[in-house]
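mind folding the following:
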Amino acid sequence: MPLLLLLLPACGPGAPGGEGCDVAALDKHQALERVIDGLTSDCEVAWYLSVLDDLAAGRQEGPWVQDLWVMESPDARRFDVAGSTRLGTGAVPEAVRGPDGRIYLYFLEGDLDHARERVRTRSPWFREHGLSGFGALDAWVSDDGLHFEPLEGFRVLSIVRGMVADPDVVRLPDGTWRMYYVGLPVGLLDPTGRLDRVTPRQAFYADSRDLVTWQQVGVAADGPGADPTVACFDPARCLMVSTGLDYATSTDGGATFAFRKAGDPSGFAPEAVALPGGSVRVLYNSMRLTGPVDAMVTADGGATWTPEVGLVPGCQVEAMSLLPRPEGGFLAYYHYWKHGLSGSDFGEHAGDPAFPDPCDEAEDPRR
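Residues are numbered from 1 along each chain as shown. As a prediction, this is how the structure comes out:
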């Protein structure tokens, strides 16, 4: 699943750290704070590099083992997976078209080589993007939606000091922009073991006038585990859906949300798409075996839902973001596991070696 729930290495006597450095004795939370500020000692640099090296060598879920893709859709129901274009390494994309006509793509940063360089040079990059390896945001920009370059100057001022994941962007009635994301501060991270999946998280939000410089404003909701997506029905009423297909409602234009449990179905990585007439379609990855893409539609602000099953077969697509095209149809951005890997091991036999992940042997339509 898209939210980074990572296994970080325990430090022992053999861990690297340079002459006279006792990595095992480091205060790991303090070390993470110092990484954020670019004030690390040589010993702390060595420890953090060992974290990144273990992630690169392992098969843990995370954006370093996932690729970003884009494909076409005529109607947000049919998708040309075979015609997808690979964009690079990363996960959980969110695409919006700016007033300048350019396409801005926000995502979970997955380039561990960039992370290593930033740690070695004591870069303050983490202070405005989040902690690489736990969760950090980055952005690209494009004129055609297929060829991207880094968005120079992208930053989120006062962003959560810790893990930041799963961006979602909406345009506000006054023409400004709002980005939602899940955050977990350093004090709640466990730097020596797997992050507890039940650790409470919050959905934060940041506002921007230019899609480049953002300012974190506050907490929009308590409780979403991952993947918040927001749709507004009018200037006051908004709906947030998150992993688990829990949903929350807002009556103040999306500044604060109160969560409710949506019940069945269950899924992750939802994407809300506005439809003509005020309805909203929420596409999501089902928790059925292989993680196919299903959808549900509401015409009454989330009070009732109509299901749509099997929009995309399993073992192909996760975490879609749909961008309307001026000429009609959509560009659909998504991530999926790098060739030879799969994270879609769901169902009653998940994790049982006697029942291997069916996606491991599935045919990839992009190849």
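
ok, Cys21 touching Val45?
No. Counting by C-beta atoms under 8 Å, Cys21 does not reach Val45; the two are 9.8 Å apart. Placement of C-beta: from N, CA and C, glycine included.

phi, psi for the residue lying closest to Phe154 once chain neighbours are set aside please.
Distances taken as C-beta to C-beta, 6 or more residues apart in numbering put Ala139 closest to Phe154, at 4.1 Å, once the chain neighbours are dropped. Dihedral angles of Ala139 (phi, psi; degrees, to the nearest 10) stand at phi -150, psi 150.

Cys359: neighbour count?
Here the count is done by other C-beta atoms under 10 Å, and Cys359 has 21 residues near it.

and it, helix, strand or coil?
Per DSSP: H, G, I helix; E, B strand; the rest coil, the secondary structure class of Cys359 is helix.

Pro292 is in contact with that one, correct?
No. Cys359 is beyond contact range of Pro292, at 10.8 Å (criterion: C-beta under 8 Å).

okay, and the common contacts of these two?
Any residue near both Cys359 and Pro292 by C-beta atoms under 8 Å, 6 or more residues apart in numbering counts here, and that gives Gly314.

partners of the one helix or strand Glu72 maps to in the sheet?
Assessed by DSSP states H and E, Glu72 sits inside strand 66-73. Strand 66-73 has the following strand partners under DSSP bridges: strand 85-97 (antiparallel), strand 330-337 (antiparallel).

what mean pLDDT does the last one get?
The predicted model gives strand 330-337 an average pLDDT of 96.

CA atoms only: put it into PDB for me.
Provided in PDB are the C-alpha atoms of strand 330-337 (Å, rounded to 0.1, in the frame of the first residue of the first chain):
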ATOM      1  CA  PHE A 330      -8.300  12.200 -18.800                       C
ATOM      2  CA  LEU A 331      -4.700  11.600 -18.200                       C
ATOM      3  CA  ALA A 332      -4.500   9.000 -15.400                       C
ATOM      4  CA  TYR A 333      -1.300   9.000 -13.300                       C
ATOM      5  CA  TYR A 334      -0.500   6.000 -11.100                       C
ATOM      6  CA  HIS A 335       2.200   4.000  -9.500                       C
ATOM      7  CA  TYR A 336       3.000   0.300  -9.700                       C
ATOM      8  CA  TRP A 337       5.800  -2.000  -8.400                       C
END
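
give the buried residues for it.
Under the neighbour-count criterion of 16 or more other C-beta atoms under 10 Å, strand 330-337 has 330-337 buried.

which parts of the stretch 51-200 of the chain are strands?
Ranges of strands within the stretch 51-200 of the chain are 66-73, 85-97, 103-109, 130-131, 135-142, 148-150, 155-157, 162-171, 177-185, based on DSSP state E, counting those that start in this stretch.

as JSON lines, those with distance to Pro276, mean neighbour count and mean pLDDT would be great.
Conversion of those to JSON lines gives the following (distance: least, C-beta to C-beta, whole Å; neighbours: other C-beta atoms under 10 Å; pLDDT from 0 to 100):
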{"stretch": "strand 66-73", "distance to Pro276": "16", "mean neighbour count": "22", "mean pLDDT": "97"}
{"stretch": "strand 85-97", "distance to Pro276": "18", "mean neighbour count": "21", "mean pLDDT": "97"}
{"stretch": "strand 103-109", "distance to Pro276": "22", "mean neighbour count": "26", "mean pLDDT": "98"}
{"stretch": "strand 130-131", "distance to Pro276": "36", "mean neighbour count": "27", "mean pLDDT": "96"}
{"stretch": "strand 135-142", "distance to Pro276": "27", "mean neighbour count": "23", "mean pLDDT": "97"}
{"stretch": "strand 148-150", "distance to Pro276": "29", "mean neighbour count": "13", "mean pLDDT": "98"}
{"stretch": "strand 155-157", "distance to Pro276": "33", "mean neighbour count": "18", "mean pLDDT": "98"}
{"stretch": "strand 162-171", "distance to Pro276": "18", "mean neighbour count": "24", "mean pLDDT": "96"}
{"stretch": "strand 177-185", "distance to Pro276": "23", "mean neighbour count": "23", "mean pLDDT": "96"}
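
these: which one's closest to Gln215?
strand 155-157 (4.8 Å; C-beta to C-beta).

from the chain's centre, how far out does the closest one sit?
On the basis of C-alpha atoms, centre = their mean, to the nearest Å, strand 155-157 sits 17 Å off its chain's mean C-alpha point.

run me through the strand neighbours of it, direction for each.
According to DSSP bridges, strand 155-157 has these partners: strand 213-222 (parallel).
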